[in-house]
Structures are given as C-alpha cells and as structure tokens.
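In: Just the structure for this:
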Amino acid sequence: MSIAHDTDAHPLVGDTHRLTVVRSGKWWAINADNLPGCHSQAKRRAKIKATARDAIAIWFNAHESEVGPLVLTFANPE
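Out: Numbering: from 1, shown residues only. Modelled structure (predicted):
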C-alpha cells in the first residue's frame, strides 16, 4: 500500500528542512526551500546549520531544539 503525499500540507517545525546554500562574497546565503521568506546567512561554513536552525525556529516561533533534520544543498551562484 502506498500513501500519497499531500502537496498542500503545511510544513512542521520537526520536519526535515531542505536548505539551499550559496556562497555570496564572504558570506554563505541560506534559504529554507519549503519555508517562504525564511533566509539567513553565515560568515563561516561551520556555522551554516546552527544559523539555519535558529532562522527556522524563529520562522515557526519555536525553540531551536524542536527543529527537524537539515539537508543542505550547496548551489553554484552562477
């Protein structure tokens, strides 16, 4: 038996969040693909996940510990 995914489903804080990350000058620009308007930036690559987790928590008005797994895709800016 297969279960069809509801394309109109609203994202939840505990969902897996897919992020697109692009180098922009000295910064890393971060976009949460499934959360309209949820963007952030990190100065160091090592801080991308922490910064993204914080932005997603703010978007949901939740605690950072509630944010689900993050999947990063690094995109070429050109």
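
In: Give me the contacts around the one helix or strand Leu72 maps to.
Out: In the assignment (DSSP states H and E), Leu72 maps to strand 70-75. Contact partners of strand 70-75, identified using C-beta atoms under 8 Å, 6 or more residues apart in numbering, comprise Thr16, His17, Arg18, Leu19, Thr20, Val21, Val22, Ile48, Lys49, Ala52, Arg53. Backbone N, C-alpha and C define where each C-beta goes, glycine included.

In: and which of these is nearest Asn61?
Out: Arg53 (14.2 Å; C-beta to C-beta).

In: what about the closest one, which SS state?
Out: Under DSSP: H, G, I helix; E, B strand; the rest coil, the three-state class of Arg53 is helix.

In: Among the contacts of strand 70-75, which are located in strands?
Out: Mapping the contacts of strand 70-75 onto strands (DSSP state E) picks out His17, Arg18, Leu19, Thr20, Val21, Val22.

In: Quick one: distance of the strand holding Leu72 to the chain centre.
Out: Relative to the chain's own centre, strand 70-75 is displaced by 8 Å; criterion: C-alpha atoms, centre = their mean, to the nearest Å.

In: Ok, stretch 25-33 next?
Out: 10 Å.

In: Flag every buried residue along it.
Out: Trp28, Ala29, Ile30, Asn31, Ala32 (16 or more other C-beta atoms under 10 Å).

In: Arg44 - how many residues pack around it?
Out: 11 (other C-beta atoms under 10 Å).

In: picking up where we left off before, report the rounded mean pLDDT for the strand holding Leu72.
Out: Mean per-residue pLDDT for strand 70-75: 96.

In: about what we covered before: can you tell me which of the ones in strands among the contacts of strand 70-75 is nearest Ala57?
Out: For the ones in strands among the contacts of strand 70-75, the nearest to Ala57 is His17 (10.7 Å; C-beta to C-beta).

In: What residues are bridge-paired with that closest one?
Out: On the basis of DSSP bridges, His17 is bridged to Leu70.

In: for Val21, same thing?
Out: In beta-bridge terms (that is, DSSP bridges), Val21 pairs with Ile30, Phe74.

In: and it, what pLDDT?
Out: Each residue has a pLDDT score; the one for Val21 is 98.
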